[in-house]
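K.L.:
below is the sequence, then the predicted model.
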Amino acid sequence: MPVTQIFFWGVPVIALASYFLLFIIFYMVQKDRLIKTFMFVLTALILWTASSLFMKMDLYPGVLFWNRMMVTGMILVPFSLYIFVSVFVNNLKPIRLALISIATGFAIIVNALGLVIQNPGIVLTPMVTEGGRAFSYVEFVYSMGPMAYVLYALFFFVILLTIYKSYKHVRSGQSSYGQIGLITAGLVLLFGGSLLNISPTIGRYPFDVLATLINSFLIVIAIYKFRMLELRFMVTRGLIYSALTLTVTAVYIFAAFFIQGFFNLSLEGVSRYILFLSALLLAVAFQPLYKVSGNVVEKIFYKSEYAQGQALKNFSKNISNNLDLNQITGELFDAIKMAIPTQNVLLLLKQDEKNHYELYKTSSRVFNPSFRISKDNPIVKWMEANKTSLSRQDLYSHTTFRSMWKKEQQEISELEIDVIAPIICRNELIGMILLTKKTNNSAYLQGELDLLTYLGTSSAIAIDNARLFAKTQEEAQTDSLTNLYNHRYFCRALPEEVKKAERGEIALLLLDLDFFKLYNDLYGHVEGDRALERVAAILRKNVGNRGKICRYGGEEFVILLPEHDARKAYTIAECIRTEIEYAFLESKDVTQRFLTVSIGVCAYPGGAPNSDELLRRADLAMYTAKSKGKNQTIIYSPKDPAEGSPGSPLSEKFIKPENSATIYALAAAIDAKDHYTFGHSQRVAEYSSILSREMGMDQSHQEIIREAALLHDIGKIGVPEEVLNKKGRLDDEEFEVIKKHVEICIEIIKHISSQNHIIPAVLGHHERWDGKGYPRGLAGEAIPIGARCLAVCDAFDAMVTDRPYSKGISVSLALAEIGRNIGTQFDPQIAALFIRLVNEGVIDVEEVKAKHRSHTDPKVVGQIPLSSYYAM
Amino acid sequence: MTLKEKFEQKKYDEIWQQYCGFLDLDLPSFMDMQHRLMLEQLDLYGNCELGRHIMKGQKPETVEAFRSMVPLTRYDDYADILLAKEEDKLPAKPMLWIETTWEGGKNPIKIAPYTERMVNCHRDSSISILLLATSKQKEQFALRGDENFLYGMAPLPYLTGMVPHLVAEELPVTFLPSIEEAESMSFSERNKKGFDLGQQQGIDLFFGLSSIVVKIGDSFTERDNQKKESKNLFKNSVQMNYRMAKAWVKSKEEKRPILPKDIWELKGLVCAGTDSHALKSQIEHYWGIKPLEIFAGTEPTCVATESWEKNGLVFFPDVGLYEFIPKDEFEKNLVDSSYVPRTYLIDEIQPGFDYELVVSNFKGGAFARYRTGDIFRCTMLSNEEAGIQLPHFVFVDREPGYIDIAGFTRISKRTIEEAIGLSKIELSNWFAIKEFNINKRAFLHMYVEVEQDGTHVGNSELIKEHIATYFRYIDKDFGNIKRFLGVDPMEVTVLPSGTIEQFTKKTGKEVRKINPSHFDVVEIKKIARGGSEVK
């Protein structure tokens, strides 16, 4: 058969099969206005194509009838397309539609009257010889009627009007060319194909039918592409494949005819073998075609379903028994990306200790990592109540979201979040999955939203378990006070990190807080813990993500700094040291200003050959810093004299004086300076010893109080002599200077580590029972007991001793003064006991005074009240 | 998706949910929304000069702290910043400034800034109102977005003028006359033109002051409308002529004049203004449709609407924080201005009591704990039958210190004193009260005493004429009442000399000059009857 004949028969058959296929599919879906109008288009196309085919086959009732039906179909096609496009662009104008309907009706009547096509007929051409074989072709012949050109004009006018409508819609910005371009292209093709019919020579061939076929396929693609139909939910796979088989068979048959024609073979002449062979070859050739067609069908109708199925299968498998949060969320992201064509995914997880859901992971780095959704955001409430996904449209339309803040709305809008799905575990919203736009910018389908909700729900338990596991793990390796890594973690991490740094560098800082024991003794463990938290915050701030910080124990910290040599590490260490010193210097409580840190630095491989040595040598360097006066950073060096010395008696001896000698020397120093009160410290020590003994304190405690009494005024070394020895009353400024002697005490005593234990008593000897004392304003039993003893003894001795500006008062008067201040200035029990001890002679004042006599200034006479003594 | 698109796609459920879904809220959810939005507002308010000025430099972080720290405010507190339009001192940049008269204020007008979010919120409220006006049951409404809308309210810069612009942005409704044309016309011109067009094209929606809506009905009964309409036959559309004919037949059958309801089948009628509650049944009689009452004010914005049941105002949850001063509290404050009245939130009030509304704007608005001077009565805490779990209110009147006549004018003690002073009529004592005639039309009733020394005029008509003349001079709106509504807004009763003094002696109470209590007036009338006859 010649190619022209194959074309003549093949195109209408394939077109008809395709139209039927589409018609059946659309018949089975849930029909809305758009589908109904498209089915009207298909009906018109079927009428056109089927009539054309039946006419050529000269079926009953005859060529004339089928010709009239074919032309009716041709008239109805542009009309139905006009309606379809109007519905598609949502712009159906009733008056215009009525006019076109009238014109179409008129055209149908005119056609029925035979004024369009005249004398249609099928003729057999004379026998022709092609390739040595004789053929006679079937040809359709006709002549144009008087109204033919009017009808054509109408036909083209309606098509042009439809094209114009599409164009206008795009121009007005109501839809993109991408959305309507395919339909417009199909219409142009139809216009062109039909135009060829004007020439009876070309019109003999079904170019118009071919154009309608392509046009209808373009419409189907447009419909599918923009998700106006949920085809995959409506059509059974069996139906699709049946229809596909029919279509491919039709193509196969005509391909066979084509081959026959191509090889110029007639059925009569061909041998059985050649026929069999060609059929086999075709079958083989069509197998891939069938497969390709099958894939296309899968892609069109089941692509997302298939992808979703795969995604779910993989996801369920991969998250089961997985406790790695990062992996689980990674799987979740993969599943979402596989099943839903979204541009970006964001995962927000609930932060138990915080008041918001924090961004945990994104599929793109472009998102602001500080994006969060607060727990009282209406989105959270909605999710908790409805347990399903939410579209951006809902945010604008649902009443619940009226209470969203402007900035919350702006954030969602700026991130172009289109969908939010909940992750709910045990009725608690533990997280949210957020999707931005789809890759093709179309709207999310309900099925996709349902799937997202499903993925959120299925991952919830895994995510929750992983978080619990991570939390437990973290707790096991975290120091609960500072939230830094603990000793256990460090012991594991150090060799690992050193191993990782085999070809690189790693530095280790070992930090030890100076005077921390003193700090704890002075302010108690609660305050000590606060100081450690403060130090930890400083470490975190300075180290950031450059290294790992661990609390090694007590007041010791270690910092692992991968890719840092000793010099770089030293810089960081110095920043830390300075900031800690500064932070405590800034302290509101002046007495807390002494906490500093000594840091040892060692680096691998330059400073140590392995992890054990790295730690040991950093430790040595830290001890060297301590021995050199604390509050400094020392880089380990083999030449350092501290090598081998920490812990050895040498370094201790270097800084540790002989207790008694030092104390007496210091006491003598202040008494030498304040020579008018020579003996004051010794007398107070005598009184305190007796008092503490009578209070029932043990020997060691008595000794502490005695030593504290000896050094309680050591700070006066730092008070100018003119103030200390001023004759007459002190003014306010001078009084403030005098008050500083307590702070100076700490500055001096803290350097004698063996005497740090006396600082609480020394520091508190000017505190008052009623809280009005200085320097810390402690009250009642919050004042260390040693300090309370000293306060009574100190005041008593000051009153009974002659001073540069006053003569001492009598013992009885002094005791009366103490009695008056019981419960305000003095501890009631201690003061009462002291009075009793003096009155009973257990404390022999005269004897003590004789033993430790002071120098007095004979020129000064008069007495001063207790408040003035108290200041001193 | 725009509202227009939703209408085109017949997504009526979504439209209802978006605009009327707030009626499904329960009281705790309503309060949550109030609290949350107030916290946002506190953040904005604490960071601007106006906020610091009103909150006296404090920065409350909770609604409770805000209510305890910040005093109740009046326009005077804002006047310096707002009248100067000092935008940089406001919580958020205003999109436009809305104006209203300031009765008894130091300036003839008050102005209020509206931020973009407030305007958007007002747009949503306007659409809600139209949906509810055209609704007879939950989730069912007749609005389709292409209606003819007769809009009988004042144009911009008044608050009511914003509605046509906002609705037109969302829906292709046809305003009668067009918005641009309406804005260049006077009130009466606009209404006349609107009705002329309504006769041509039909009217689907009508929004007007209750008093005006009733007046239009009155005018139908008063004139020989049949003759008049026949002249316009050729100007009318076929459909309207058919309607006129049908209306004529119906009126003849029922032996009554043609009423608006015979000509137009409105889909929705929205009314507002003082005395609406008294006029609603008359409106329904004339227009054949239950009107939907709303409440809005320049400072608080549109705060309440009735539901589809049209039996009480429900507050919008996202416009402002509502506080309510009980009647006995605001009356104490009226007597002693130093007394700080207590306020209650909407979940703390009781039905059957009157309250003055206090509003704090959300969304960057300027007013905080602002006393609106509007009195509401809570009629029920919820409407179980309709499934609305929010309190319902009736707008009773302005605060007792003002007499509001039909929403046209607000007369204060100062206005009356000024009119009496200018009239040169020497009254020895007086008080004024708002009363209603048998047709439920409000009027100002002045009770006056004249010295009985033979040198003063004692004729009530003469006194009324004098004082009314100066009222019209001082307050142009007072003059418009008779012109627009055809109602005499004032009446004078001369009391026997010394009646008010006797009352004070008898009860030990001073009579309030404006709106004394009902029972005080009864007592005064008794005294008057017991003495010389009341004229």
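P.N.:
Okay, I see it. Please read all numbers here as calculations on a predicted model, not as lab measurements. Residues are numbered from 1 along each chain as shown, chains lettered A, B, ... in the order given.
K.L.:
spell out which parts of the stretch 301-450 of chain A neighbour chain B.
P.N.:
Residues of the stretch 301-450 of chain A lying close to chain B by CB under 8 Å from any CB of the partner chain are A:376, A:378, A:381, A:393, A:396-400, A:402-403, A:405-406. Heads up, the C-betas are built off the backbone N, CA and C, glycines and all.
K.L.:
out of the residues you listed, which end up buried?
P.N.:
Neighbour-count burial (16 or more other CB atoms under 10 Å in any protein chain shown) applied to these gives A:378, A:381, A:397-400, A:402-403, A:405.
K.L.:
surely A:Asp418 touches A:Ser391?
P.N.:
Yes. Using CB atoms under 8 Å, A:Asp418 makes contact with A:Ser391 at a distance of 6.5 Å.
K.L.:
more neighbours, those two?
P.N.:
A:Asp418 (21 against 18; other CB atoms under 10 Å in any protein chain shown).
K.L.:
residue contacts, A:Ser403?
P.N.:
A:378, B:32-33, B:36-37, B:317-318 (CB atoms under 8 Å, 6 or more residues apart in numbering or on different chains).
K.L.:
sort out for me which of the residues you listed are in strands.
P.N.:
Of the contacts of A:Ser403, none are assigned to strands by DSSP state E.
K.L.:
and the two most separated of the buried ones among the residues of the stretch 301-450 of chain A next to chain B?
P.N.:
A:Ser397 and A:Trp405 (17.7 Å; CB to CB).
K.L.:
returning to what we had before: from the buried ones among the residues of the stretch 301-450 of chain A next to chain B, which ones fall inside helices?
P.N.:
When those are checked against helices (DSSP state H), the matches are A:378, A:381, A:397.
K.L.:
can I get those residues in CSV with pLDDT and distance to A:Thr596?
P.N.:
What follows is those, written out as CSV (pLDDT from 0 to 100; distance: CB to CB, whole Å):
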residue, pLDDT, distance to A:Thr596
A:Pro378, 93, 51
A:Lys381, 89, 50
A:Ser397, 82, 62
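K.L.:
list just the nearest of those to chain B.
P.N.:
Nearest to chain B among those is A:Ser397, at 3.8 Å by CB to the nearest CB.
K.L.:
okay, the nearest residue to the closest one once chain neighbours are set aside and B:Leu3: tell me how far apart.
P.N.:
Distances taken as CB to CB, 6 or more residues apart in numbering or on different chains put B:Gln18 closest to A:Ser397, at 3.8 Å, once the chain neighbours are dropped. Per CB to CB, to the nearest Å, B:Gln18 is found 8 Å from B:Leu3.
K.L.:
and A:Leu161, by the same measure?
P.N.:
Separation of A:Leu161 from B:Leu3 (CB to CB) stands at 30 Å.
K.L.:
again with A:Gly193
P.N.:
42 Å.
K.L.:
count of neighbours near the residue nearest to B:Glu61 when sequence neighbours are not counted?
P.N.:
In space, and not counting its chain neighbours, B:Glu61 is closest to B:Leu42: 7.0 Å by CB to CB, 6+ apart. Per other CB under 10 Å, the neighbour tally for B:Leu42 reads 24.
K.L.:
what strand or helix carries B:Leu42?
P.N.:
According to DSSP states H and E, B:Leu42 maps onto helix B:27-46.
K.L.:
again, but for A:Gly606
P.N.:
Using DSSP H and E, no helix or strand contains A:Gly606.
K.L.:
tell me how far A:Val526 lies from A:Tyr519.
P.N.:
On the measure of CB to CB, A:Val526 and A:Tyr519 end up 12 Å apart.
K.L.:
so for the two, which sits in the more crowded spot?
P.N.:
A:Tyr519 (25 against 9).
K.L.:
isn't that one right next to A:Leu595, touching?
P.N.:
Yes. Under the criterion of CB under 8 Å, A:Tyr519 makes contact with A:Leu595 at 5.6 Å.
K.L.:
intersection of neighbour lists for those two?
P.N.:
Common neighbours of A:Tyr519 and A:Leu595 (CB under 8 Å, 6+ apart) are A:513, A:531.
K.L.:
which non-adjacent residue is nearest B:Gly51?
P.N.:
Per CB to CB, 6+ apart, closest to B:Gly51 is B:Tyr45, 3.5 Å.
K.L.:
now do B:Glu8
P.N.:
A:Asn90 is the one closest to B:Glu8 (CB to CB, 6+ apart), at 6.1 Å.
K.L.:
contacts for stretch B:412-430, please.
P.N.:
B:103-104, B:401-403, B:432, B:446-451, B:456-457, B:463, B:466-467, B:469-471, B:473-475, B:495, B:497, B:499-501, B:513-514.
K.L.:
tell me the buried residues in it?
P.N.:
Counting neighbours by 16+ other CB under 10 Å, stretch B:412-430 gives B:412-413, B:415-416, B:418-420, B:423, B:425, B:427-430 as buried.
K.L.:
residues of the stretch 101-250 of chain B that sit close to chain A?
P.N.:
Counting by CB under 8 Å from any CB, the stretch 101-250 of chain B sits next to chain A at B:Arg117.
K.L.:
state which one residue of the stretch 101-250 of chain B is found closest to chain A.
P.N.:
For the stretch 101-250 of chain B, CB to the nearest CB, closest residue to chain A: B:Arg117, 6.3 Å.
K.L.:
I'd guessed that residue sits against A:Trp405; true?
P.N.:
No. If you go by CB under 8 Å, B:Arg117 and A:Trp405 don't touch, sitting 10.2 Å apart.
K.L.:
and A:Ala791, how many residues sit next to it?
P.N.:
28.
K.L.:
so which residues of the stretch 651-800 of chain A form helices?
P.N.:
Listed in chain order, the helices of the stretch 651-800 of chain A (DSSP state H, counting those that start in this stretch) span A:659-673, A:680-694, A:699-711, A:721-724, A:732-739, A:741-749, A:759-763, A:785-800.
K.L.:
now the shortest one: mean pLDDT?
P.N.:
If I follow you right, that is helix A:721-724. Mean per-residue pLDDT for helix A:721-724: 74.
K.L.:
and that helix, what's buried?
P.N.:
A:723-724.
K.L.:
and it, what does it pack against?
P.N.:
Applying 3 or more CB pairs under 8 Å, 6 or more residues apart in numbering or on different chains; DSSP states H and E, one finds that helix A:721-724 contacts helix A:732-739.
K.L.:
nearest to the spatial middle of chain B, which residue is it?
P.N.:
B:Gly273 (2.8 Å; CA atoms, centre = their mean).
K.L.:
how far away is that residue from B:Gly161?
P.N.:
Counting by CB to CB, the gap from B:Gly273 to B:Gly161 is 15 Å.
K.L.:
tell me the contacts of the residue nearest to A:Cys793 when sequence neighbours are not counted?
P.N.:
Counting by CB to CB, 6+ apart, A:Cys793 lies nearest to A:Tyr687, which is 3.8 Å off, once chain neighbours are set aside. Taking CB under 8 Å, 6+ apart, we find A:Tyr687 in contact with A:709, A:793, A:796-797, A:834, A:843, A:848.
K.L.:
per-residue confidence at residue 149?
P.N.:
If you meant another chain, say so; for now it's chain A. Reported pLDDT for A:Tyr149: 82.
K.L.:
could you do chain B instead?
P.N.:
Confidence score, pLDDT, at B:Phe149: 94.
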